[in-house]
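Chemist: Here's a sequence, model it:
(one chain, ligands or ions: 1)
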Amino acid sequence: MNDTPAPYPLEDAEKSRVVILISGTGSNMVTIAELIRDELPEAEVSAVICNEPEAAGIQKARSLGIHTDIIDHRGFTSREEFDVGLMRTIDAYDPDLIVLAGFMRILTPDFVRRYEGRMLNIHPSLLPKYQGLHTHKRALEAGDSEHGVTVHFVTEVLDDGPNVIQAVVPVLDGDDPQSLQKRVQLQEHVIYPIAVKWFIEGRLSMQKGQSCLDNKPLPPTGLKLDT
Ligand code: GAR
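Modeler: Next comes the predicted model:
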């Protein structure tokens, strides 16, 4: 019998490893980290990686006892070089899932291909509407009666991978971008944990470019929650 102590508890070695990338406030990161801590003992957040040294989310991650890495993109001469550095940092954790939670960087194709099928993003619009920035303002300017948020798998085209889940929120009289953003963000904190839980439980996958739940393709909108 080999009684050499294991370097770390065996159960940790068996856990699904999640790495979360942030650039800012980190509210989605906190919701996901709390979900994993409280409801998914089979998973752990290995690290939170942030490209903005002053981001509020860094302290929030540390308060939750999560290891943080700061990789300031300004220290690199090109997008490609930054992404190589980022990949090195991510790969050191050998993650099963990469969660982009307000990570405000355009990713290179090499980066995206490396993690295809195991990288999720949240975007504050009903994709494919309003890819890119200022989504709340654009929805208001277009006179939309509803707006929302989407979780999707990341593919090479920005904000374009197959949808996993969407929450729809009404646009109300008198809304401005801030009030709409607040209403949308409440729903972000509902749908992102659902998608992460599905993935950790092995129910969510990307197959032939489509999001599948329990091996069945989801509709193009993803699962749609009306609020
Ligand atoms: C969220 O509203 C998320 O939808 C958005 O950044 C915010 C991050 O908030 N993401 C994008 O715009 C990606 N294109 P948080 O730091 O409080 O989670």
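Chemist: how about the residues of the protein near the ligand?
Modeler: Residues of the chain lying close to the ligand by C-beta under 6 Å from any ligand atom are 22, 24-29, 57, 101-102, 122-124, 159, 185, 188. Bear in mind the C-beta positions are built from the backbone N, C-alpha and C, glycine included.
Chemist: which intervals of this protein have sub-threshold pLDDT?
Modeler: For the chain, the stretches with pLDDT under 70 are 1-13.
Chemist: all strands for it, in order.
Modeler: 16-22, 43-50, 68-70, 97-100, 119-123, 146-153, 163-170, 204-207, 210-213, 216-217, 223-226 (DSSP state E).
Chemist: would you turn those into a markdown table with mean neighbour count?
Modeler: Listed next are the strands of the chain as a markdown table, based on neighbours: other C-beta atoms under 10 Å:
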| stretch | mean neighbour count |
| --- | --- |
| strand 16-22 | 24 |
| strand 43-50 | 23 |
| strand 68-70 | 16 |
| strand 97-100 | 24 |
| strand 119-123 | 25 |
| strand 146-153 | 26 |
| strand 163-170 | 22 |
| strand 204-207 | 18 |
| strand 210-213 | 18 |
| strand 216-217 | 10 |
| strand 223-226 | 15 |
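Chemist: Using CSV, lay out these together with distance to residue 133.
Modeler: What follows is these, written out as CSV (distance: least, C-beta to C-beta, whole Å):
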stretch, distance to residue 133
strand 16-22, 17
strand 43-50, 19
strand 68-70, 23
strand 97-100, 15
strand 119-123, 10
strand 146-153, 15
strand 163-170, 19
strand 204-207, 25
strand 210-213, 24
strand 216-217, 30
strand 223-226, 24
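Chemist: Residue 89 is in contact with residue 69, correct?
Modeler: Yes: shown here, residue 69 and residue 89 form a contact pair, counting by C-beta atoms under 8 Å, at 5.3 Å.
Chemist: Find residues that contact each of the two.
Modeler: 47, 49 (C-beta atoms under 8 Å, 6 or more residues apart in numbering).
Chemist: so what's the residue in the chain that the ligand sits nearest to up against?
Modeler: Per C-beta to the nearest ligand atom, residue 102 is where the chain lies closest to the ligand, at 2.5 Å. With contact set as C-beta under 8 Å, 6+ apart, residue 102 has these partners: 22, 23, 24, 25, 26, 27, 28, 29, 57, 122.
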